[in-house]
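Undergrad: Provided below are the primary sequence and the corresponding predicted coordinates.
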Amino acid sequence: MVQHQNHRKGPPRGGQASPAASADLLDGEERVAKALARAGVASRREIERLIGAGRVALNGQVLTTPAVKVGPKDILTVDGAPVEAAEPARLFLYHKPPGLVTTHSDPKGRPTVFQALPRDLPRLISIGRLDLASEGLLLLTNDGGLSRALELPSTGLARQYRARARGRIDQARLDTLKDGITVEGVRYGAITAHLDKAKEGPSVANLWITLTLAEGKNREVRRVLEALGLSVNRLIRVAYGPFALGDLERGAVQEVGPRVLRELLGHLIAPAHLPKGERAQYQPPAPAKAAPPKPRGTAIARAYSPKADAKKGFGAKRSGPKEASRDIAKKTGRSSPPPSSRPRRSRERGPR
């Protein structure tokens, strides 16, 4: 059966079709790509590639086009295995490190986001992408319909980035991005950009810029800033719609609770796929506790120990603090101050 218990695994082969599972999967007639996306098989674009490769069948007939509608009584299979009923929608926040490709498999063999995720997550698809060098907030979901809805510019979710760049620019020029810009024939919509910091260097300035946009086209921030004469050397996505990166550590995953998901995105999720309950299913592992620091002066404290002195053969006459300090001086190579320079204890007694 098509198991989605592990995002690393593709659809296994074999198994018998289950009409009941398909009936639970579909609420009514809809396009096959949409139905499979809602079941968490893959994104619509990836499903179209699966259909083109002859890996998807409807009622035993291999599909050759995604322009097919399926109903509750139809049986869908991928690689000969029936598609299970769709799970309730789930959403995860992931702090993507740089150096990972946002794809399930990379032809060049580069490490991917989904290889880096914890093994106990369901099969997930990304909501939008971050390129290889970019980092920051990446949204992941098991619901293809929700992924599609959150990616559309018409949904109106703003993406916020912080970019570190080299070059020279002023706020007035950044403000021109509010009217949109065309770069190499590609039209980008309105972008709000704010110059946060500029540190002058020998030839150029090091800049930090915060940008907010609604479309999120491929490499949009980098291309727009390059068109303004800037060179981006670090790009961090800090927010996507109502979800912010916050203090989520690099490489960490956090699940959005069902109640929050219903309140914020319930209108974008099919009624049959709305999550129930209050608490998130995935609980990240607790961070490892660091070893407590050793107290200062531990070595001296050991030298003062009569038991330690006895074991080292110092004897009872050399178990006091003065004798121990001489031993430490010998081991460290430091010379003790001459007896004449040491303060002498007064033998005068006070009044009785």
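TA: On my side now, so go ahead.

Undergrad: in what helix or strand does the residue nearest the centre of the chain lie?
TA: The centre of the chain sits closest to His95, judged by CA atoms, centre = their mean, with a distance of 2.0 Å. Element membership for His95, per DSSP states H and E: strand 91-96.

Undergrad: Show the model's pLDDT score for Lys311.
TA: Looking at Lys311, its pLDDT reads 53.

Undergrad: switch to numbering from 96
TA: Shifting the count to begin at 96 puts that one at Lys406.

Undergrad: what secondary structure does Leu306 sit in?
TA: In three-state terms, and counting by DSSP: H, G, I helix; E, B strand; the rest coil, Leu306 is strand.

Undergrad: ok, it touching Glu315?
TA: No. Between Leu306 and Glu315 there is no contact under CB atoms under 8 Å: 9.1 Å. For glycine as for every other residue, the C-beta is placed from the backbone atoms N, C-alpha and C.

Undergrad: Give the next helix or strand downstream of the strand holding His190.
TA: Following strand 186-191 in sequence, per DSSP H and E, is helix 208-211.

Undergrad: Following the chain onward from that next one, which element is next?
TA: For helix 208-211, the succeeding helix or strand toward the C-terminus, using DSSP H and E, is strand 220-222.

Undergrad: what's next to that next one, contact-wise?
TA: Residues outside strand 220-222 that contact it (CB atoms under 8 Å, 6 or more residues apart in numbering): 135, 137-138, 141, 197, 208, 233-237, 239, 241-242, 245-246, 335.

Undergrad: Quick one: end-to-end distance for stretch 190-199.
TA: Stretch 190-199 has an end-to-end distance of 17 Å (CA to CA, to the nearest Å).

Undergrad: repeat for stretch 338-350
TA: Stretch 338-350 end-to-end distance (CA to CA) = 11 Å.

Undergrad: Kindly report the same for stretch 159-179.
TA: Termini of stretch 159-179 sit 22 Å apart (CA to CA).

Undergrad: looking only at pLDDT, what's the mean for it?
TA: Here the average pLDDT along stretch 159-179 is 89.

Undergrad: Count the residues that sit near the nearest residue to Lys371 once chain neighbours are set aside.
TA: Excluding the flanking residues, the one nearest Lys371 by CB to CB, 6 or more residues apart in numbering is Pro353, at 6.2 Å. By the criterion of other CB atoms under 10 Å, Pro353 has 20 neighbours.

Undergrad: same question, the one 3 residues further on
TA: Residues lying near Leu356 (other CB under 10 Å) number 23.

Undergrad: Make sure I have this right: it is in a helix.
TA: Yes. Checked against three-state DSSP, Leu356 lies within a helix.

Undergrad: ok, the closest residue to Lys312 other than its chain neighbours to Pro248 distance?
TA: Among residues not flanking Lys312 along the chain, Tyr283 sits closest, at 6.5 Å (CB to CB, 6+ apart). With distances taken as CB to CB, to the nearest Å, Tyr283 is found 11 Å from Pro248.

Undergrad: who touches both of these two?
TA: Glu310.

Undergrad: These two - which one has more neighbours?
TA: Neighbour totals were compared for Tyr283 and Pro248, and Tyr283 leads with 18 against 12 (other CB under 10 Å).

Undergrad: what pLDDT does the more buried one get?
TA: Note for Tyr283: predicted pLDDT of 94.

Undergrad: wait, doesn't it sit right on Ala322?
TA: No. Contact between Tyr283 and Ala322 fails when scored by CB under 8 Å: they sit 9.2 Å apart.

Undergrad: any shared contact partners between those two?
TA: Ile276.

Undergrad: on that earlier part again, now for the residue nearest to Lys371: which residues touch it?
TA: 183, 370-375.

Undergrad: And the strands in the stretch 296-445 of the chain, which stretches?
TA: For the stretch 296-445 of the chain, applying DSSP state E, counting those that start in this stretch gives strands covering 300-308, 326-335, 338-339, 348-350.

Undergrad: Name every strand pairing with the shortest one and say which way it goes.
TA: By that I understand strand 338-339. The pairing partners recorded for strand 338-339 under DSSP bridges are strand 326-335 (antiparallel).

Undergrad: in a strand, that's where Arg243 is, yeah?
TA: No. Under three-state DSSP, Arg243 falls outside any strand and is assigned helix.

Undergrad: what's it in contact with, if anything?
TA: Taking CB under 8 Å, 6+ apart, one finds 132, 138-139 in contact with Arg243.
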